[in-house]
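In: Sequence first, predicted model second:
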Amino acid sequence: VAYGDVYVARVAMGADPQQTLRAMREAEAYDGPSLIIAYSHCIAHGIDMRTGMDQQYRAVASGYWPLMRYDPVVRADGGNPFLLDSSRPHIPLDDYTGRELRYRSLGDSDPAEAERLHGLAQHAVDLRWQTYEELATRGAEHFPAVRRPSGVSHDPD
């Protein structure tokens, strides 16, 4: 995102399949580098793999994995290229983390430390969400103009 001329998306198929598809289409159509970061559950998370898509939904609903797209084409057209696609977190982080063995195991061995780290994790989720919301409300001028190797800028200013 900081480069200004890279298409970037964060997706989770289990949370919003349409947003995932939109991001893939935009990334493929973009005339430049594209990066899609996809939430991918795995057996090491210690979940029943049949419920993986539900766990992806909880990751997004808790704010752990906000869905977003950064589209330089929107910036080149004078709009805000940072598109926040998920709604505000509406479940506690623990509703997501409490279902995964990788998070629960510390609670079993050191409950006090697990509680302390959970508080820090919730704080980090809250801060990231605030940052993303602020980015989503900025004007185009607050983002780098699209640069091209030819030296020609697509900045409408």
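Out: Great, that's in hand. Residues are numbered from 1 along each chain as shown.

In: Please make it C-alpha for all contacts and neighbour counts, starting now.
Out: Noted.

In: Let me know the helix or strand that residue 129 is in.
Out: If you go by DSSP states H and E, residue 129 is part of helix 111-137.

In: Which positions within that helix qualify as buried?
Out: 114, 118, 122, 125-126, 128-129, 132-133, 135-136 (16 or more other Cα atoms under 10 Å).

In: same for it, what does it pack against?
Out: Other helices and strands packing on helix 111-137, by 3 or more Cα pairs under 8 Å, 6 or more residues apart in numbering; DSSP states H and E, are strand 82-84, helix 101-109.

In: ok, now with 10 Å
Out: On a contact count with 3 or more Cα pairs under 10 Å, 6 or more residues apart in numbering; DSSP states H and E, helix 111-137 meets strand 68-70, strand 82-84, helix 93-97, helix 101-109.

In: got the angle for it vs helix 101-109?
Out: With axes from the mean of the first three to the mean of the last three Cα atoms, to 10 degrees as the basis, helix 111-137 and helix 101-109 are set at 140 degrees to each other.

In: chain center to the lowest-mean-pLDDT helix or strand in the chain: distance?
Out: Lowest by mean pLDDT, DSSP states H and E among the helices and strands of the chain is helix 101-109, with a mean of 90. How far helix 101-109 lies from its chain's middle: 25 Å, per Cα atoms, centre = their mean, to the nearest Å.

In: Name the surrounding residues that touch stretch 124-134.
Out: Here stretch 124-134 makes contact (Cα atoms under 10 Å, 6 or more residues apart in numbering) with 62-68, 82-84, 87-89, 93, 118-123, 135-136.

In: likewise stretch 51-64?
Out: Contacts of stretch 51-64 (Cα under 10 Å, 6+ apart): 11-16, 39-43, 45, 47-49, 65-67, 86-97, 99-100, 121-122, 124-126, 128-129.
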